[in-house]
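> Need the 3D shape of this:
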Amino acid sequence: MLFELSSKFPFVSRISGEQRSAKMQGIKRLWDEWLGGGATSAGVTVTSETALKHSAYWRAVNLLSSQIASFPIGLFKRLPNGNTEEVFKHPAVRLLTRQPNNIMTPFIWKESTQANALTQGNGYSYIRRDNGGNPLSLIMLDSKNMDPRAEDNELIYDYGGEIIAPYFVLHIPGISFDGVKGKAVLSAATESLGVGLAMQKYSADMFKNGAKQTGVLTHPMQLSPEARVGLRTSFDKNIKGPDGGTMVLDEGMKWQSTGIPPDQAQLLQSKQFSVQEMARWFGIPPFLLFEESRSTFSNISDQGLAFIIYTLTQWVERWEAELEAKLLTEVERDDHFFKFNMGSLMRGNPKDRAEYYAKMAEYGFMTINEVRRKEDLNSIEGGDEHLVQVNRTSLNKLSDGTEGNEIPPGAS
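Predicted structure coming up:
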C-alpha cells in the first residue's frame, strides 16, 4: 500500500526504502506501546485482534461505529439575519453523502473511521485534492502505520516514513493526553478484557471436557498400577465422552468432586460484571450491550438519553470540528459549519413525539409541514404557515391594559 501511496500522493518529504522499513518498525513499536495490550494478570494475552473476541467489546465498537455512521451530515451557512440554510453544492457534501472514495459508501467510510478511532485510538483518511484545493476523495489510511507528532511547533503526519502535511490528513482521534495522538480504550482496559477473555476460555474448556468437574475416585482396596490405569481410562471414557454417560461404581468405590461448580464460582455473575466493565470503558448503558440485569422499563429511556448526551455527542463534536478544519477553506469557515443530524435518536416513542410536535406547533416554533417532514410525510397545502393561539398576547400589552381582556370566540 505504501508503494501505491508514494506514487499518487503529494507527500512533503520521503526517505529511502531501507530507512522507511526501519521507520515503519519504529512506528509499529511506538504504536504497540501506545495502544497497550500484551499479557495480563489473568494469564491471557490481549491484542487489538483478540480483544474483538470479547462479545461486549465487539458490541460496543460495533454500536458506536454504526451509530455515528448512521447520522446524516449536512453543511450549513449562517446568513446575515441570523438564520441558516443548508448548502448542497459543495465538493465536501458530495464526498460525505454520496461517495468518499472509489470503494466505500459514506456509511462504510464513517463506520470504518470511527471503528479505528475506538480500537486503535485514531482514524485517518488522506484528502486527495484538485489544483484548487477542493477535496476530491477521502482515502482511508492504516492507523498502525501513522505517527502524528509535533516538530518545531508544527504538526506532521509520518506515514511509514512519508511525511504528510496536516492539510492532507483527516484525523478523528480518541481521547488524547498530548493533543496530537488519540489513545485507544484497549490501552487502559487491557486487564478488564483479559479477565473477560479468560472467563470465555474457562467456559469453553469446561464444555470441551463435557462440563465435568475434576475429583477423586477412591477404592477400598489397594490397586495395582495396571488396574489404576484401566479404571481411570474407563471412568474418563464414560464421563468425558461426546455425549457423556453413566458410570456404575462397584466394589465400594466412591467419587468425590474436587472441582468448583460453575454456580458456586458465580461464573454467570462474573460475565455480567465483565459486560458492565466494557459499558463503563466505552460510556454505553449496559442494556445496549444486552446486559439488562439492572434495567427497567422506566429507566431505559433515561439511559438512552444519557448515551446520546454523554457519549455520542463528544464523538459528533470531534467529527464536526475536524470536517470543518480540513474540508472547508479559511473563508468558508467564517460562516459555514458541518452538523450531524441526531434527530432520529431524540424523537423517542410515538407518544412523546406527538406531545413534542404539538407543543412546537402550538407555540409557533414549527409549521405543520416541518413536523410532517420530520416524520417523512409529504407536505400539505397551507402547511407552511406558523400557527399561534388567538388569545395569547405580549407582556407589554397586558401591562398597559390595551389587550388581554378579550373574550375568546365561543366562550360565555
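> Wasn't residue 379 part of a helix?
No. Counting by DSSP: H, G, I helix; E, B strand; the rest coil, residue 379 falls outside a helix, being coil.
> hang on, it packs against residue 367?
No. Contact criterion C-beta atoms under 8 Å: residue 379 and residue 367 do not qualify, at 9.3 Å. Every C-beta, even on glycine, is put in place using the N, C-alpha and C of the backbone.
> of the two, who's got more company?
residue 367 (18 against 13; other C-beta atoms under 10 Å).
> Show the model's pLDDT score for residue 18.
Looking at residue 18, its pLDDT reads 59.
> Please apply the same query to residue 148.
So, for residue 148, pLDDT stands at 95.
> got any ranges where the stretch 1-150 of the chain has weak pLDDT?
1-44, 46 (pLDDT under 70).
> which ones are touching residue 113?
123, 124, 125, 140, 172 (C-beta atoms under 8 Å, 6 or more residues apart in numbering).
> could those go into CSV alongside neighbour count?
Shown next, in CSV, are those (neighbours: other C-beta atoms under 10 Å):
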residue, neighbour count
123, 29
124, 25
125, 25
140, 19
172, 22
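> What is the nearest of those to residue 83?
residue 172 (29.9 Å; C-beta to C-beta).
> mind showing which ranges of the stretch 151-300 of the chain have poor pLDDT?
192, 194-219, 221, 223, 227-228, 230-231, 234-273, 295-298.
> Kindly recompute the last result at 50.
Low-confidence segments of the stretch 151-300 of the chain (pLDDT under 50): 211, 244-245, 264-265.
> next one: the stretch 301-412 of the chain
407, 412.
> Quick one: the helices in it, in order.
313-327, 343-346, 350-362, 368-374, 395-399 (DSSP state H, counting those that start in this stretch).
> do you know which of the ones you listed lies nearest residue 337?
So among the helices of the stretch 301-412 of the chain, helix 313-327 is nearest, using C-beta to C-beta, at 5.9 Å.
> Return the set of buried residues in that closest one.
The neighbour-count check on helix 313-327 (16 or more other C-beta atoms under 10 Å) flags 315, 316, 318, 319, 322, 323, 324, 326, 327 as buried.
> Also stretch 58-77?
59-61, 63-65, 67-69, 71, 73-75.
> what about residue 371, how many neighbours?
Counted with other C-beta under 10 Å, residue 371 comes out at 18.
> swap that for residue 177, please
8.
> Ok, the one 4 residues further on next?
By the other C-beta under 10 Å criterion, the neighbourhood of residue 181 contains 20 residues.
> Am I right that it is in contact with residue 148?
Yes. Judged on C-beta under 8 Å, residue 181 makes contact with residue 148 at a distance of 5.3 Å.
> Is it possible to get TSV of the buried residues of stretch 58-77 that adds distance to residue 308 and secondary structure?
Listed next are the buried residues of stretch 58-77 as TSV, based on distance: C-beta to C-beta, whole Å; DSSP: H, G, I helix; E, B strand; the rest coil:
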residue	distance to residue 308	secondary structure
59	18	helix
60	16	helix
61	18	helix
63	13	helix
64	12	helix
65	16	helix
67	9	helix
68	12	helix
69	16	helix
71	11	coil
73	17	strand
74	18	strand
75	22	strand
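> re the thing from before, redo the helices of the stretch 301-412 of the chain as JSON lines? Include distance to residue 54.
Shown next, in JSON lines, are the helices of the stretch 301-412 of the chain (distance: least, C-beta to C-beta, whole Å):
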{"stretch": "helix 313-327", "distance to residue 54": "21"}
{"stretch": "helix 343-346", "distance to residue 54": "26"}
{"stretch": "helix 350-362", "distance to residue 54": "35"}
{"stretch": "helix 368-374", "distance to residue 54": "38"}
{"stretch": "helix 395-399", "distance to residue 54": "59"}
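> which residues are common contacts for residue 181 and residue 148?
By C-beta under 8 Å, 6+ apart, the residues touching both residue 181 and residue 148 are residue 122.
> any idea where the strands of the stretch 1-150 of the chain begin and end?
Along the stretch 1-150 of the chain, counting by DSSP state E, counting those that start in this stretch, strands occupy 38-39, 45-46, 73-78, 84-87, 122-129, 135-141, 146-151.
> partners of the last one, with directions?
Paired neighbours of strand 146-151 in the sheet (DSSP bridges): strand 154-159 (antiparallel).
> Next, the buried residues of the partner strand.
156, 157, 158, 159.
> what's the helix or strand following that strand packed up against?
For strand 154-159, the following helix or strand on the C-terminal side (DSSP states H and E) is strand 162-164. Applying 3 or more C-beta pairs under 8 Å, 6 or more residues apart in numbering; DSSP states H and E, one finds that strand 162-164 contacts helix 2-8, strand 154-159.
> and this protein, what are its domains?
Structural domains assigned to the chain are 212-258, 347-396, following automatic domain parsing.
> Residue 288 contacts residue 64, doesn't it?
No. At 9.7 Å, residue 288 does not count as touching residue 64 under the criterion of C-beta under 8 Å.
> Could you pull out the buried residues of stretch 331-347?
332, 336, 337, 338, 339, 340, 342.
> Present these as JSON lines; the columns should include distance to residue 222.
Conversion of these to JSON lines gives the following (distance: C-beta to C-beta, whole Å):
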{"residue": "332", "distance to residue 222": "92"}
{"residue": "336", "distance to residue 222": "91"}
{"residue": "337", "distance to residue 222": "87"}
{"residue": "338", "distance to residue 222": "83"}
{"residue": "339", "distance to residue 222": "83"}
{"residue": "340", "distance to residue 222": "78"}
{"residue": "342", "distance to residue 222": "76"}
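> Can you list which of those residues are found in strands?
336, 337, 338, 339, 340 (DSSP state E).
> okay if I get the residues you listed as CSV plus distance to residue 134?
Formatted as CSV, those follow (distance: C-beta to C-beta, whole Å):
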residue, distance to residue 134
336, 14
337, 18
338, 16
339, 21
340, 22
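> Out of those residues, which comes closest to residue 299?
For these, the nearest to residue 299 is residue 340 (26.2 Å; C-beta to C-beta).
> Pull up the gap between residue 335 and residue 76, please.
The spacing between residue 335 and residue 76, counted by C-beta to C-beta, to the nearest Å, is 9 Å.
> now do residue 164
Taking C-beta to C-beta, one finds residue 164 at 29 Å from residue 76.
> try residue 317
16 Å.
> Equivalent analysis for residue 49, please.
Distance from residue 49 to residue 76, by C-beta to C-beta: 40 Å.
> how many neighbours does the closest residue to residue 363 other than its chain neighbours have?
Distances taken as C-beta to C-beta, 6 or more residues apart in numbering put residue 388 closest to residue 363, at 7.2 Å, once the chain neighbours are dropped. Residues near residue 388, counting by other C-beta under 10 Å, number 10.
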